[in-house]
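> starting from these lines, generate the structure:
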Amino acid sequence: MKLAFCDHKAAKYAVENWHYSQRLPVGTLVKIGVWEGGKFIGCVLFGRGANYLAGAPYALEQTEVCELVRVALKAHQAPVSKIAACALRFLHSTSPGTRLVLSYADPAQGHHGGIYQAMNWVYVGESAGGHEYFYQGRWQHSREITAGAFGSQGKLQDWGHLPQRKTLGKHKYLYPLDEAMRTQIQPLSKPYPKRDPGVWT
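Model (predicted):
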């Protein structure tokens, strides 16, 4: 197995074909490609996420924290947890100022974070719910719309006519990239959520 930076085109293809969201996140991304037997099998993407204050609860600057935003893989041999662990090491080696990685598991998609649990991430409970807006034929997070037509034209007031719905909170996991950070966040740890026996993923 090989990990290396991949380009935008490869990441977009992987997400649109091998991730349930079928959407590449907006904003700046660290795009790490994965190869097995010399063949491209997908990517692991890190980004700023939807909350620019994500590091504040942990006394971190925006440049010191990031979010694992996509793991988009086709059929592969290595366990997902191993691929994600290798991607974290790659991120740490190429972005030495990064100290903490966040990720979320969406119960609405039947996810409880089994991959993160296998990697010994620190579970800190559920995030607060939010809102989605129905725009251009699908439900979108407000940040996605801000990065699109409404945001570029400065017409946030136009959101008032869009259908909206509340979203449930997501399971939130933290992965420290140094021992001092692990010591800091370990007291926040809560028991891991269990997988719904009626859900396969």
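
> if I look at C86, how far off is I32?
Using Cβ to Cβ, to the nearest Å, C86 is found at 9 Å from I32. Yep, even glycine has a C-beta here, placed from its N, CA and C like the rest.

> what's the neighbour count on A180?
When neighbours are counted by other Cβ atoms under 10 Å, A180 registers 9.

> check contacts around the residue nearest to Y175 when sequence neighbours are not counted.
Nearest residue to Y175, sequence neighbours excluded (Cβ to Cβ, 6 or more residues apart in numbering): V101, at 4.4 Å. V101 makes contacts with F46, V65, C66, E67, L68, L88, L91, L174, Y175, L177, as judged by Cβ atoms under 8 Å, 6 or more residues apart in numbering.

> element containing the third one, please.
Going back to what we said before, that points to C66. strand 65-73 (DSSP states H and E).

> paired strands for that strand, with orientation please.
strand 39-47 (antiparallel), strand 100-105 (parallel) (DSSP bridges).

> any chance of the ones you listed in a markdown table, with distance to A72 and mean pLDDT too?
Formatted as a markdown table, the strands paired with strand 65-73 follow (distance: least, Cβ to Cβ, whole Å; pLDDT from 0 to 100):
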| stretch | distance to A72 | mean pLDDT |
| --- | --- | --- |
| strand 39-47 | 5 | 97 |
| strand 100-105 | 14 | 94 |
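
> and those as CSV, adding distance to K12?
Converted to CSV, the strands paired with strand 65-73 look like this (distance: least, Cβ to Cβ, whole Å):
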stretch, distance to K12
strand 39-47, 9
strand 100-105, 20
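
> how close does K12 get to C6?
When K12 is compared with C6 (using Cβ to Cβ), they lie 10 Å apart.

> show me where the chain has helices.
Along the chain, the stretches classed as helices by DSSP state H are 8-18, 80-94, 114-118, 142-146, 149-153, 179-185.

> and those helices, which one is worst for confidence?
When these are compared by mean pLDDT, helix 149-153 comes last with a mean of 44.

> all good on my end, thank you.
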